[in-house]
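Visitor: need a 3D model of the sequence below.
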Amino acid sequence: MAIVVLSPGILTSVQDGGRLGYQQYGVSPSGPMDAHAFRTANILVGNDPDEAGLEMTVMGAELTFTDAAVVAITGADMGATLNGTRTDMYRALCIQAGDVLKLGFAMSGCRSYLAVRGGIGTDPVMGSRATMLGKNFGGYKGRKLQKDDVLEIRPCSNKFTHPETYFTDPETVPAGVRTLRVVMGPQEDRFTEQGIRTFLSSEYTVGQDFDRQGYRLEGEKIEHKTDSNIISDGVVTGSIQVPGTGLPIVMTAERATVGGYTKIATVITADLPLIGQCKAGDRIRFQEVSVETAQDLLKQEADRLEELRKLVEDPSHLPEEKTPAFEEAAPVPEHEFEYTKDVTISINGKAYEVTIQKWK
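Guide: Residues are numbered from 1 along each chain as shown. Below you'll find the model as predicted:
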């Protein structure tokens, strides 16, 4: 069983729950930018939550399947179609051999996730199938996917007896200003009182320089007491560095493991999916919380995922209309698009020509 890439989109990579235990060697965890959407997709196909799947950024991939498979799509809405017909997100979809699944431009958010029952069968590196794009290893040949790549699907021993129960309510990516909760430190004492007030009261905008390593933000400058340099120490996913420019950088999945800039605060783990769904022009604010609150929120997230796993495995959990997730719907004619237009977008200084189609 395999997935064949007909078109890779802008940036599609194989990711799993992350590569843990190697930061002392300079290897960051990598893994999904939106772990909540990623794990939800896996649960909806009966996988372990951290099983290897696909992360698609800004514009999704076009894929075909050599054999029958079960997949689920979560995260940003990229207008997914199956054999030309609009298909649902946040539910198990039964794919037949030769079917074509296509995702387009993100209508909200930044990243979509595709889980396939059994998981993507690339060779693990340091115990993980996650792609480390910045260092060219892991995933599929250490790189983003390209046209004609073939991804093996791992076999699954247990039967998938009632796919119609594997669904949940679609989750929308928040619009407007995203509030990221943070724990202050570890170097907040290197900033003036006014600098701290600026950080916690200002609205920042995601600039053009954003990727899986970090997000540079634009807005009010944060004032240091002296300068921004420290003896290099550990950096975690969510660390907010403030270099000499006074503008914050939120470190993400493929960030360096050490750094020599002051870190004013750290985004809590439960809110990392919010930054993972941001793209250039999106707005962000920061809100201080305690370590205890951050821990409680992380536990609540784990509880939500466990409740979802139990729910979808219950045969009594059925759609209101008892409609199988894979039942074929009537094709959507072209005139049902509200608009279609060609645009040029820039990501990390590279220009991409894309077509945007908005459904009515």
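Visitor: tell me the buried residues in stretch 80-99?
Guide: For stretch 80-99, a neighbour-count test (16 or more other CB atoms under 10 Å) marks 80-82, 87-95, 99 as buried. In this view, the C-beta of every residue, glycine as well, is placed from N, C-alpha and C.
Visitor: likewise stretch 152-162?
Guide: Neighbour-count burial for stretch 152-162 [16+ other CB under 10 Å]: Glu152, Ile153, Arg154, Cys156, His162.
Visitor: my read: the second one touches Val45, true?
Guide: It refers to Ile153. No - between Ile153 and Val45 there is no contact under CB atoms under 8 Å: 10.8 Å.
Visitor: between these two, which contacts overlap?
Guide: Common neighbours of Ile153 and Val45, using CB atoms under 8 Å, 6 or more residues apart in numbering, are Val116, Arg117.
Visitor: re the thing from before, and the buried residues of stretch 152-162, which of them are in strands?
Guide: Cross-referencing those against strands under DSSP state E gives Glu152.
Visitor: distance to Gly26 and pLDDT added to the buried residues of stretch 152-162, as TSV?
Guide: Shown next, in TSV, are those (distance: CB to CB, whole Å; pLDDT from 0 to 100):
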residue	distance to Gly26	pLDDT
Glu152	30	96
Ile153	32	95
Arg154	29	93
Cys156	35	84
His162	46	85
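Visitor: what about the chain, any weak spots by pLDDT?
Guide: Residues of the chain meeting the criterion pLDDT under 70: 319-360.
Visitor: if we use 90, what do you get?
Guide: 1, 107-108, 134, 155-164, 172-176, 313-360 (pLDDT under 90).
Visitor: show me the helices in it, by range?
Guide: Per DSSP state H, the chain carries helices over the ranges 35-43, 193-201, 272-276, 291-312.
Visitor: to Gly138, which of these lies closest?
Guide: Closest to Gly138 of the helices of the chain, according to CB to CB: helix 35-43, at 15.4 Å.
Visitor: what packs against the closest one?
Guide: strand 53-57, strand 69-77, strand 108-116, helix 272-276, helix 291-312 (3 or more CB pairs under 8 Å, 6 or more residues apart in numbering; DSSP states H and E).
Visitor: right, so of these, which gets closest to Ile231?
Guide: helix 291-312 (23.9 Å).
Visitor: and that closest one, how far out from the chain middle?
Guide: 18 Å (CA atoms, centre = their mean, to the nearest Å).
Visitor: and if you look at stretch 81-92?
Guide: 19 Å.
Visitor: got the end-to-end distance for it?
Guide: End-to-end distance of stretch 81-92 (CA to CA, to the nearest Å): 14 Å.
Visitor: out of everything not next to it in sequence, what's closest to Cys110?
Guide: Lys279 (4.3 Å; CB to CB, 6 or more residues apart in numbering).
Visitor: how about the residue in the chain sticking out farthest from the centre: what's its closest non-neighbour residue?
Guide: The outermost residue of the chain, judged against the average C-alpha position, is Thr226 (36.5 Å), by CA atoms, centre = their mean. In space, and not counting its chain neighbours, Thr226 is closest to Arg190: 7.3 Å by CB to CB, 6+ apart.
Visitor: re the thing from before, do I have it right that the residue nearest to Cys110 meets Met33?
Guide: No - with contact defined as CB under 8 Å, Lys279 does not reach Met33; the gap is 11.0 Å.
Visitor: and the two? which has more neighbours close in?
Guide: Applying other CB atoms under 10 Å to Lys279 and Met33 shows that Met33 carries more neighbours, namely 26 against 18.
Visitor: which residues are in contact with the residue lying closest to that one once chain neighbours are set aside?
Guide: Nearest-residue entry for Met33: Gly276, 3.2 Å, with adjacent residues in sequence omitted and distances by CB to CB, 6+ apart. Contact analysis of Gly276 by CB under 8 Å, 6+ apart lists Pro32, Met33, Asp34, Ala35, Cys110, Arg111, Thr252, Ala253.
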